[in-house]
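S.K.: My questions are about this predicted structure, shown below with the sequence.
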There are 2 protein chains.
Amino acid sequence: MTESSKRQATASEEALWRIFTVPEAPDSTLSIIEQNLSQNLAGFLRESIVAVEKPLWQIERDFQAHHIPQMPNFVSDYAESLMQKLVAHSVHTAAPSFIGHMTSALPYFVLSLSKMMVGLNQNLVKIETSKAFTPMERQVLGMMHHLVYGEGDGFYKKWMHSANHSLGAFCSGGTIANITALWIARNRLLKADGDFKGIAREGLFKAMKHYGYDGLAILVSERGHYSLGKAADVLGIGRESLISIKTDANNKIDTAALAEKMAELQAANIRVLAIVGVAGTTETGNVDPLHQLADLAEQYQCHFHVDAAWGGATLLSNKYRHLLAGIERADSVTIDAHKQMYVPMGAGMVVFKHPSAAHAIEHHAEYILRKGSKDLGSQTLEGSRPGMAMLVHACLQVIGRDGYEILINRSLEKARYFATLISHNIDFELITEPELCLLTYRYVPAQVQKAMASATPEQLQRFNELLNGLTKFIQKRQREEGKSFVSRTRLTPARYQRQETIVFRVVLANPLTTEQILHDVLVEQDQLAQLDKEFYPKLLQLAKELSA
Amino acid sequence: MTESSKRQATASEEALWRIFTVPEAPDSTLSIIEQNLSQNLAGFLRESIVAVEKPLWQIERDFQAHHIPQMPNFVSDYAESLMQKLVAHSVHTAAPSFIGHMTSALPYFVLSLSKMMVGLNQNLVKIETSKAFTPMERQVLGMMHHLVYGEGDGFYKKWMHSANHSLGAFCSGGTIANITALWIARNRLLKADGDFKGIAREGLFKAMKHYGYDGLAILVSERGHYSLGKAADVLGIGRESLISIKTDANNKIDTAALAEKMAELQAANIRVLAIVGVAGTTETGNVDPLHQLADLAEQYQCHFHVDAAWGGATLLSNKYRHLLAGIERADSVTIDAHKQMYVPMGAGMVVFKHPSAAHAIEHHAEYILRKGSKDLGSQTLEGSRPGMAMLVHACLQVIGRDGYEILINRSLEKARYFATLISHNIDFELITEPELCLLTYRYVPAQVQKAMASATPEQLQRFNELLNGLTKFIQKRQREEGKSFVSRTRLTPARYQRQETIVFRVVLANPLTTEQILHDVLVEQDQLAQLDKEFYPKLLQLAKELSA
């Protein structure tokens, strides 16, 4: 127990007044933490995060109390305990060897700007509580719209700051962005017509009866993000009406199967609400053939949404943006700035091709969001919202197109490098090639690979089961060791007769990840495999039996 | 143009690497801004924000470009321009004289903690990207649950950290919280039954056919928040099925009218999905009779939700929590920590009476949110989410129950003080008494009040029209003068035969607002009234004619 923790804070008007006006002394724990953060976040975290992982049930012990504490605490005491109990056991998502998820390192300047953003505490729901932040957010949405659709100067002059229009919506993340897009699609399809006042007013049940459809459907590849299922549920369409279309060997939607399903649904009087193209699947990073999806959406007159939450940032690379060709034909596009645009968590966006798209979800309120005002809150799913757009604005200005060009290209090329590394290592197997900066692979000892080449389907299945166990073991153990982190997922590769195959999943967006780190990851995984006493020996045994 | 702005940054791998690793020099603009922020946010903002308001169209000029800039910018240059173009024209929501909306001053320590939170960049969707943040968020939800429901120790021991349960959901704000609650209510009502697999899977259209209802309804007072209309739209229920019940003279729901409507709907085979009680209406701050609403919800077996987004913090006051009596009978309760709990924007919460409530909206995904994991993302509307719960945790610990007791009580008592001040001023009229810390009033010169007392209904209507114009004029002008800010809304008070009456709306949650400021606000409004050349002279003229 430190000296300070023996003190006891007391609540008094004066003490409370002080926490709203007087900061801690410069040598307090909080100030020191802050200085460290300012000076070198990465270095600070490397020192502070324990390498040996504590099990969750142990961490939970520090978060058992369910009573709000009666007595106040000194800020410094609290900050100290926070460092030990929370920060020390948080995940070092910015570490160059944390290559398993879509969170990455952040440019240092966003930390200072975040503090400013929080200090200003603007509420973007309306101009009265955000003033200049409103045109700033509209500009960011305009820039993102231009990145996707590239309309002419006149278009943006006319619409970017138009009170009754919006080129997109800022939201907390890709899930809300996808829900917003499909909400608009649903309301535009089931709009007012004759006596019917529209789904927004009369609801889905009456809408279906009015239009005489037997059902609705949203079509997406089997690699679509789970937020789409949530959207189908929330919007009253139902998860079963989110129809999953199989993918080809490259994890791209099978457009022949899609066209067939569209025709089949039409014949059954089920109206397709939207086709969703995936531009960067979460599990394999592949991009659907967007032009072909746009053609089908045109043919069937349905909404075409592209979920580019993760892959959308690729548009910032002139060298690789062709990988997303056809995205400019989408009615709406989701892009998360907190993924490959290096903005902190909480910066989702959806852009709309048509400036009046959001009319389908417009709403007003008297004390706020009066008609004709430029308040952004009248066309968003969320109400009160922070000024996160400022951090996107900052990154776009400070990094610039030239900077993003380098960052994005480096990520894609690093993924290609890692893929080559895996392919050339006789004990590893690349499962999916990186189209963007995401790839999957697994550890398969050379002698096992050899035995599998001539195995019967039954034997192959047995191998796969054992390999699944081994992959899981390695991934868990690697996370626990705390030196590096890859995630894992389950795929059904065509080459393994669509058997469930557990794989390592790697996302290479952190600019600080070096080629050396990638080498080390493979070395570590190789060593960890030897530690497994269950699947690894059985695999070798089975390989031996078959080659005998 | 400053010296530095003539420099031109260029994009190179080395320069980019540096923005991810090396902070600015301590004398850079960004560092200076940060130091100022740390030293005294309030003082800094007072100096930096221009008092004379710039019209929006002028501000928009600085946010016209729709091309993402090609070249990178130096951080210091960008920070300088940000200060001039954005911060100087943002709204000083923390000012003690900004008493018009629900955003208030923040304790200084949340700024440093915010920077830490952003730096850690945790993603609360799952444990792999948040680790200790997950139990911490569960604890915050547990504490808020305990604040509302006050269950015993065993309850929290059993459920707080249970993998397949949640005591609530953290979300970006009250709107998402309300949608989440009503989503749960909808899915629980239209659950799987016999052959029917439940609305989540089969959708609303099939659900209605299965259950044989002719419609659904959500009932709330006419003072319900506009987010409920959005919820009814998004959830496919339709805005017209959000049925607005009139309020009594105190802006509380008329429970006789509610009971009558419930019976009427039942007779028409329209199933009431939920009754929503308002605990602190946005426009008048009144609390519905929650016990009576709970009784009706029990009688009709429907979900009882309480929207306490703003007023819920009153539960932290032992002296005043009785004003929300009956809230503990709600199935779900929305509370925004970014309103009266002094947490920055983006900290909404909904708590559930039953730990299994969120099963109705549960979802899983293979690469993330596997079954049985404690990942919070499997039971939330949003996907990726920042670690905002840490800021709530910090405020609860640092301020404590004792601290909140003082803060909340002071706010309520300040509102009562202001109400007395208004009542005793012969030129003002209190429209709604403060039940919590929100009140409404308007400026009505004494001679006009006198003339109105004996006016005919027609004359009264004419007075009201002129007063509406005057109130609008004063409110706008006051905002433009930049010394203080009150908001305005439109009510239909019983005493004015439900005529539309525009009023000033004041929220007294900022601990730094002094009694002197409240005196000054009235003096300023009195002076501003004299500047009006349209409504003010006509009012006096009309009063003169009638008294002649």
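M.R.: Cool, the structure landed. Numbers count the residues shown, from 1 in each chain, chains lettered A, B, ... in the order given.
S.K.: what does the stretch 401-548 of chain A put close to chain B?
M.R.: A:401-407, A:410, A:479, A:485, A:487-490, A:505, A:511-512 (Cβ under 8 Å from any Cβ of the partner chain). In this view, the C-beta of every residue, glycine as well, is placed from N, C-alpha and C.
S.K.: Tell me which residues touch the residue lying closest to residue A:435 once chain neighbours are set aside, please.
M.R.: Distances taken as Cβ to Cβ, 6 or more residues apart in numbering or on different chains put residue A:286 closest to residue A:435, at 5.0 Å, once the chain neighbours are dropped. Residues counted as contacts of residue A:286 (Cβ atoms under 8 Å, 6 or more residues apart in numbering or on different chains) are A:223, A:247, A:250, A:251, A:252, A:278, A:280, A:432, A:435, A:436.
S.K.: and if we set it to 7 Å?
M.R.: Residue A:286 is in contact with A:250, A:251, A:252, A:435, counting by Cβ atoms under 7 Å, 6 or more residues apart in numbering or on different chains.
S.K.: Can you check those and name whichever has the most neighbours?
M.R.: Using other Cβ atoms under 10 Å in any protein chain shown as the neighbour test, the contacts of residue A:286 are led by residue A:251, with 25 neighbours.
S.K.: How many residues are close by the closest residue in space to residue A:345 that isn't next to it in sequence?
M.R.: Leaving out its chain neighbours, the residue that sits closest to residue A:345 by Cβ to Cβ, 6+ apart is residue B:386, at 3.9 Å. Residues lying near residue B:386 (other Cβ under 10 Å) number 30.
S.K.: The stretch 301-450 of chain A: helices as residue ranges?
M.R.: With helices called from DSSP state H, counting those that start in this stretch, the stretch 301-450 of chain A shows them at A:389-424, A:446-453.
S.K.: Check which helices and strands the first one sits against.
M.R.: Meaning helix A:389-424. Here helix A:389-424 touches helix A:109-120, helix A:133-149, strand A:428-432, strand A:438-443, helix A:515-531, helix B:13-21, helix B:75-85, going by 3 or more Cβ pairs under 7 Å, 6 or more residues apart in numbering or on different chains; DSSP states H and E.
S.K.: Grab the CA positions of the fifth one and hand them over as CSV.
M.R.: Output for helix A:515-531, consisting of C-alpha atoms alone and laid out as CSV, is shown next (Å, rounded to 0.1, in the frame of the first residue of the first chain):
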residue,chain,number,x,y,z
GLU,A,515,9.3,-8.2,-41.9
GLN,A,516,11.4,-9.5,-39.0
ILE,A,517,8.3,-9.7,-36.8
LEU,A,518,6.6,-11.9,-39.5
HIS,A,519,9.5,-14.2,-39.6
ASP,A,520,9.4,-14.5,-35.8
VAL,A,521,5.7,-15.3,-35.8
LEU,A,522,6.3,-18.4,-37.9
VAL,A,523,9.3,-19.4,-35.8
GLU,A,524,7.2,-19.0,-32.6
GLN,A,525,4.3,-21.0,-34.0
ASP,A,526,6.6,-23.8,-35.1
GLN,A,527,8.0,-24.0,-31.5
LEU,A,528,4.6,-23.8,-29.9
ALA,A,529,3.4,-26.7,-32.0
GLN,A,530,5.9,-29.0,-30.4
LEU,A,531,4.5,-28.2,-27.0
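S.K.: Give the buried residues for it.
M.R.: Buried residues in helix A:515-531, counted by 16 or more other Cβ atoms under 10 Å in any protein chain shown: A:517, A:518, A:521, A:522, A:524, A:525, A:528, A:529.
S.K.: Redo those residues as JSON lines? Include pLDDT.
M.R.: Below are the buried residues of helix A:515-531 laid out as JSON lines (pLDDT from 0 to 100):
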{"residue": "A:517", "pLDDT": "95"}
{"residue": "A:518", "pLDDT": "97"}
{"residue": "A:521", "pLDDT": "97"}
{"residue": "A:522", "pLDDT": "98"}
{"residue": "A:524", "pLDDT": "96"}
{"residue": "A:525", "pLDDT": "98"}
{"residue": "A:528", "pLDDT": "97"}
{"residue": "A:529", "pLDDT": "98"}
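S.K.: and which of those is nearest chain B?
M.R.: Closest approach between the buried residues of helix A:515-531 and chain B, by Cβ to the nearest Cβ: residue A:517, at 14.5 Å.
S.K.: residues in contact with the closest one?
M.R.: Residue A:517 touches A:96, A:97, counting by Cβ under 7 Å, 6+ apart.
S.K.: do the same with residue A:339
M.R.: By Cβ under 7 Å, 6+ apart, the neighbours of residue A:339 are A:102, A:309, A:310, A:313.
S.K.: any idea how far residue A:254 is from the closest residue to residue A:281 other than its chain neighbours?
M.R.: Nearest-residue entry for residue A:281: residue A:223, 3.8 Å, with adjacent residues in sequence omitted and distances by Cβ to Cβ, 6+ apart. Using Cβ to Cβ, to the nearest Å, residue A:223 is found at 11 Å from residue A:254.
S.K.: what residues are shared contacts of the two?
M.R.: Joint contacts of residue A:223 and residue A:254 (Cβ under 7 Å, 6+ apart) are residue A:247.
S.K.: And these two? Which one has more around it.
M.R.: residue A:223 (22 against 18).
S.K.: lowest confidence element among the helices and strands of chain A?
M.R.: Least confident helix or strand, chain A: helix A:29-48 with a mean of 59, by mean pLDDT, DSSP states H and E.
S.K.: Now do whatever helix or strand comes next after that helix: everything it contacts.
M.R.: Scanning forward in sequence from helix A:29-48 by DSSP states H and E, the next helix or strand is helix A:56-60. Contacts to helix A:56-60, defined as Cβ under 7 Å, 6+ apart, come from residues A:89, B:127, B:132, B:135, B:161, B:374.
S.K.: at 10 Å what do you get?
M.R.: By Cβ atoms under 10 Å, 6 or more residues apart in numbering or on different chains, the list of residues contacting helix A:56-60 from outside reads A:53, A:85-86, A:88-90, B:127, B:131-136, B:138-139, B:160-161, B:163, B:373-374.
S.K.: quick revisit: with distance to residue A:198 as new columns, can the helices and strands packed on helix A:389-424 be given to me in a markdown table?
M.R.: Shown next, in a markdown table, are these (distance: least, Cβ to Cβ, whole Å):
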| stretch | distance to residue A:198 |
| --- | --- |
| helix A:109-120 | 37 |
| helix A:133-149 | 25 |
| strand A:428-432 | 43 |
| strand A:438-443 | 40 |
| helix A:515-531 | 54 |
| helix B:13-21 | 48 |
| helix B:75-85 | 40 |
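S.K.: Give me the pLDDT for residue A:376.
M.R.: pLDDT, residue A:376: 82.
S.K.: whoops, I mixed them up, residue A:53
M.R.: Looking at residue A:53, the pLDDT reads 66.
S.K.: Over to residue A:63?
M.R.: So, for residue A:63, pLDDT stands at 94.
S.K.: cool, and residue A:79?
M.R.: pLDDT, residue A:79: 87.
S.K.: Report the contact partners of residue A:298.
M.R.: A:304, A:329.
S.K.: roughly how far apart are it and residue B:415?
M.R.: 58 Å.
S.K.: neighbours around residue A:417, how many?
M.R.: 14.
S.K.: Quick check: closest non-adjacent residue to it.
M.R.: residue A:515 (6.2 Å).
S.K.: circling back to that earlier point, comparing the helices of the stretch 301-450 of chain A, which comes out most buried?
M.R.: helix A:389-424 (a mean of 21; mean count of other Cβ atoms under 10 Å in any protein chain shown).
S.K.: quick one, it and helix A:133-149 angle?
M.R.: Here the directions of helix A:389-424 and helix A:133-149 differ by 30 degrees (axes from the mean of the first three to the mean of the last three Cα atoms, to 10 degrees).
S.K.: Say whether chain B is contacted by the strand or helix carrying residue A:170.
M.R.: Per DSSP H and E: residue A:170 is located in strand A:168-171. Yes: contact of strand A:168-171 with chain B (Cβ under 10 Å from any Cβ of the partner chain) involves residue A:171.
S.K.: Can you tell me which of the contacts of residue A:339 comes closest to residue A:442?
M.R.: Comparing the contacts of residue A:339 against residue A:442 with Cβ to Cβ places residue A:102 closest, at 20.5 Å.
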